[in-house]
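Novice: Prediction below, plus the sequence it came from.
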Amino acid sequence: MIYLAGHIVPISSIIDDILIRYLKNKNFQDIIAFDNDIEKYSNPRNGLLLPFTYHKCYDKNYFNFDEKGKINILKKGDHENLFSKFGIDSNAKLNINLDDEIISFINERNEIYKRNN
């Protein structure tokens with residue numbers, strides 16, 4: 001099985017958000033915030049190692065994880081067939097120690113995707 005490492009809170013979404021704020025406000029403080037955010041989100045605790053198919057579906061926000069690490073399917077219908085085709089178990093759970101730091105990244109990612117969808 002092929003595994004891919006990825007961010008829980010994608011750095012690209014943080015970069016986009018900060019650049020949009022900077023271009024809108026022309027506020028140098030946004031650039032300082034950018035440096036702080038990059039450091040925060042580059043933290044290895046903001047990472048998961050997922051099987052390839054899980055990773056791709058996670059990036060497309062077909063599912064997310066809750067605070068207990070359980071998969072929540074977000075897009076029903078055709079994607080459910082995709083899950084069964086690629087062997088993605090909708091009852092799967094992350095097999096890692098979910099400390100407060102990881103849970104905060106999970107919650108933040110879920111909030112970002114709620115706002116954008």
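Specialist: Arrived safely.
Novice: Next, residue 105: secondary structure please.
Specialist: Under the three-state scheme (DSSP: H, G, I helix; E, B strand; the rest coil), residue 105 adopts helix.
Novice: who are the neighbours in contact with it?
Specialist: By Cβ atoms under 8 Å, 6 or more residues apart in numbering, residue 105 lies in contact with 8-9, 45-46. Bear in mind the C-beta positions are built from the backbone N, C-alpha and C, glycine included.
Novice: before we move on, what about residue 40?
Specialist: Per Cβ under 8 Å, 6+ apart, neighbours of residue 40: residue 46.
Novice: Pop out the phi and psi values for it.
Specialist: Dihedral angles of residue 40 (phi, psi; degrees, to the nearest 10) stand at phi -60, psi -50.
Novice: cool, and residue 13?
Specialist: Main-chain dihedrals, residue 13, degrees, to the nearest 10: phi -70, psi -30.
Novice: Might one say that it is in contact with residue 112?
Specialist: Yes - Residue 13 is within contact range of residue 112, at 5.7 Å (criterion: Cβ atoms under 8 Å).
Novice: which element is residue 15 on?
Specialist: Using DSSP states H and E, residue 15 sits in helix 11-25.
Novice: I'd like the mean pLDDT over that helix, please.
Specialist: Across helix 11-25, the average pLDDT comes to 75.
Novice: Could you list the buried residues of it?
Specialist: Going by neighbour count (16 or more other Cβ atoms under 10 Å), the buried part of helix 11-25 is 13-14, 17-18, 21-22.
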